[in-house]
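In: requesting a structural model of the entry that follows:
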Amino acid sequence: MKPVIPLLVFSVIFLSSCANQSGQPSGPPTYTISGTVANLAANSNGLVLQNNGADNLSLTANGNFRFATAVQKGGAYSVTVFTQPSSPVQQCTIANGVGTATNNVSNIQVECGHNEWVWMAGSQSINQIGTYGTPGTPDPANTPASRQSPATWTDANGDLWLFGGYGYDSNGNLLPMNDLWKFSAGQWTWMDGPTLAGQSGNYGTLGVATPYGIPGARFQAASWTDATGNFWLFGGNGFDSVGNESPMNDLWRYSAGEWTWVGGSAVGKQSGHYGTLGVADSDNTPGGRNGAALWVDASGDVWVFGGIGYDETNPINGNLSDLWKYSGGEWTWMSGPKAKEQKGVYGTQGVASATNIPGARYASHNWIDPSGNLWLFGGWAYDSNGTLGYINDLWEYSAGQWKWVAGSKIANQAGVYGTQGTPSANNIPGARWGGVVWTDNSGTVWLFGGTAYYSSTNAGFMNDLWKYSNGQWTWISGANVGYQSPTFGTRGMLDPGNTPGGRFMLNRWIDPDGNLWLFGGYGHIPGSTGNMNDLWMYME
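Out: Down below sits the predicted model:
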């Protein structure tokens, strides 16, 4: 006879089998709802997603996200934009946002980019004086004066910094500046430096930081940030320690709110000391110069090419074509002649050679590729015949040799635009100088503006935007003729009709999301040209 299991025991066994480890009855499985957001502007605020009309999630950065509340198996999810970003104004869209949860959901895509320009700050007029406010205090009324060629950098927080440039001081004088500004959360802050232009440098003791130290007023300096976030400044056309203006070769570092004079001379008009080719030496130093090209490689070494300045022997400055490396606190002359105003030696297109060298130039456009190769495009340069003019040659420096990659070796060539948005091996931006170039997070190269030839006989301030990828140029936007006026639209709002006007000698930043920011330059507005202080962002 089988034993009879009491009903009470059976009930305990049944309940135990249905309980979870906490001792509570189990419910149906639940699944997480997640995805990614892309092209949200750096330092953006206001984007709020919502799931099923109740579960809100605020986002301030690109990358992965996940809602706090899971959805039961077989339950519906519906992700929408509850609040669009407000600074700058963006219209984010959602893909794969609606469905039934049968597993964890991770493919929701929020896209906030539109390949559009947005006017972020500054004036629509030319030749504006600065509004400084209180040092260290942000204010929506603050704005740097209209200016050309300041030094710029982006800090670890994504804030934009600006130093000097050739602009208008608080009294309306047009001279080199040495004021320091920061743009953060939609507002400018005057951080340091005088409100009056044309000021001498306060050098202090070489290698010693001081709260009173500051580089002299200058423009077209070369600048970079190191791996720890310190800002470095080399040369530029500016005022030395005794009030004389010339191309400089002084080297400065800005860290923790203080400037340190690191190297070079406190007095202008310095010739270069080249030493032995390829050999670092503490006595080596490039001559004073402005408008040089600068790269920073993966090791943190700094490379400087050309500019307008002083060679080894001549007391009068001119275009240079020497290449230098700064590493471990010492300069090394790497290639190129010691003498100024050298014509380009092109060799065979596509073939690297130890005898190749780009012609002496300044205000060119440069970038470094993912393999660490240095690239140089255009500038105000000497061509293969020794003619000085605008140029659109493209060069690559790799393994110690230059290679002429594309473009013409003859100056003053018009651009070949092709079909807008379509890459072609025949496309090439017109010969130009004074534009800006940058690389996005995917390694694609972008070029904007400058003074360029847009036909065989005409050159002017440009607002054309180009992309270089897979060995081909693509005309993306802007006009294929010069002197275009800006279309500002509504401040802070993206719009496909917005565009900066034609300009040159501007400067740029790249934010942590790879977006471009442009400031000022010498540009065109309806009926006039002059220095600008408008701030723009381009979102891919």
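
In: what about the helices in the protein?
Out: Along the chain, counting by DSSP state H, helices occupy 7-18.

In: worst mean pLDDT across the helices and strands of it, which element?
Out: Here the helix or strand of the chain ranked lowest by mean pLDDT, DSSP states H and E is helix 7-18, holding a mean of 42.

In: give the contact list for the nearest residue to Thr260 once chain neighbours are set aside.
Out: What sits nearest to Thr260 in space, not counting adjacent residues and going by CB to CB, 6 or more residues apart in numbering, is Ala209, at 4.3 Å. In this view, the C-beta of every residue, glycine as well, is placed from N, C-alpha and C. Applying CB atoms under 8 Å, 6 or more residues apart in numbering to Ala209 gives the contacts 255-256, 258-260.

In: cool, and Asn249?
Out: Taking CB under 8 Å, 6+ apart, one finds 234-235, 264-265, 270, 272, 285-289, 309-310 in contact with Asn249.

In: the residues you listed into TSV, with extra columns for distance to Ser371 and pLDDT?
Out: Converted to TSV, the contacts of Asn249 look like this (distance: CB to CB, whole Å; pLDDT from 0 to 100):
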residue	distance to Ser371	pLDDT
Phe234	25	98
Gly235	28	98
Gly264	31	98
Ser265	35	98
Gln270	34	97
Gly272	29	97
Thr285	29	97
Pro286	26	98
Gly287	30	98
Gly288	32	98
Arg289	27	98
Gly309	29	97
Tyr310	33	97
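
In: name the nearest of those residues relative to Trp438.
Out: Phe234 (19.5 Å; CB to CB).

In: state the pLDDT value of the residue nearest to the closest one when sequence neighbours are not counted.
Out: Once flanking residues are discounted, Phe234 sits nearest to Ala222: 4.5 Å by CB to CB, 6+ apart. The model reports Ala222 with a pLDDT of 98.

In: thinking Ala222 is in contact with Phe231, fair?
Out: No: if you go by CB atoms under 8 Å, Ala222 and Phe231 don't touch, sitting 11.9 Å apart.

In: sorry, back to before: just give me the neighbour total for the residue nearest to Phe234.
Out: 23 (other CB atoms under 10 Å).

In: cool, and Ala141?
Out: 10.

In: go ahead and confirm it touches Thr134.
Out: No: the criterion here is CB under 8 Å, and Ala141 misses it with Thr134 at 10.9 Å.

In: and the strands in the stretch 51-200 of the chain?
Out: 55-59, 63-66, 71-72, 76-83, 93-95, 98-100, 105-111, 116-121, 147-148, 151-154, 160-168, 174-184, 187-192 (DSSP state E, counting those that start in this stretch).

In: list the pairing partners of the fifth one within its sheet, with orientation.
Out: In this case it means strand 93-95. Strand pairing for strand 93-95, determined by DSSP bridges: strand 105-111 (antiparallel).

In: next, the angle from the partner strand to strand 76-83.
Out: Relative orientation of strand 105-111 and strand 76-83, computed by axes from the mean of the first three to the mean of the last three CA atoms, to 10 degrees: 30 degrees.

In: outline the domain layout of this structure.
Out: Domains of the chain are assigned by automatic domain parsing as 29-111, 116-539.

In: among those, which is the most enclosed?
Out: domain 116-539 (a mean of 20; mean count of other CB atoms under 10 Å).

In: any idea how far that domain is from the chain center?
Out: Centre-to-centre, domain 116-539 and its host chain are 10 Å apart (CA atoms, centre = their mean, to the nearest Å).

In: for Gln342, give me phi and psi.
Out: When quoted as degrees, to the nearest 10, the phi and psi of Gln342 stand at phi -90, psi 140.

In: list the contacts for it?
Out: Per CB under 8 Å, 6+ apart, neighbours of Gln342: 321, 336, 357, 359-360, 382.

In: quick check, nearest of those residues to Asn426?
Out: Gly359 (23.6 Å).

In: which residues touch the closest one?
Out: By CB under 8 Å, 6+ apart, the residues touching Gly359 are 319, 321, 342-344, 381-384, 391.

In: apart from its neighbours in sequence, what residue is nearest it?
Out: Using CB to CB, 6+ apart, the closest residue to Gly359 is Gly344 (3.2 Å).

In: do I have it right that that neighbour meets Lys409?
Out: Yes: taking CB under 8 Å as the definition, Gly344 is a contact partner of Lys409 at 6.2 Å.

In: which neighbours do the two have in common?
Out: Common neighbours of Gly344 and Lys409 (CB under 8 Å, 6+ apart) are 383-384, 393.

In: re earlier: and the domains of the chain, which one's lowest on average pLDDT?
Out: domain 29-111 (a mean of 90).

In: off-centre distance for that one?
Out: Worked out by CA atoms, centre = their mean, domain 29-111 lies 29 Å from the chain centre.

In: sorry, back to before: and which of the contacts of Asn249 is nearest Trp402?
Out: Pro286 (18.1 Å).

In: residues in contact with that closest one?
Out: Contact partners of Pro286, counting by CB under 8 Å, 6+ apart, are 235, 249, 272, 304, 309, 322, 324, 331.

In: possible to save the residues you listed as JSON lines with distance to Asn178?
Out: Shown next, in JSON lines, are those (distance: CB to CB, whole Å):
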{"residue": "Gly235", "distance to Asn178": "14"}
{"residue": "Asn249", "distance to Asn178": "17"}
{"residue": "Gly272", "distance to Asn178": "24"}
{"residue": "Val304", "distance to Asn178": "21"}
{"residue": "Gly309", "distance to Asn178": "19"}
{"residue": "Asp322", "distance to Asn178": "27"}
{"residue": "Trp324", "distance to Asn178": "24"}
{"residue": "Trp331", "distance to Asn178": "24"}
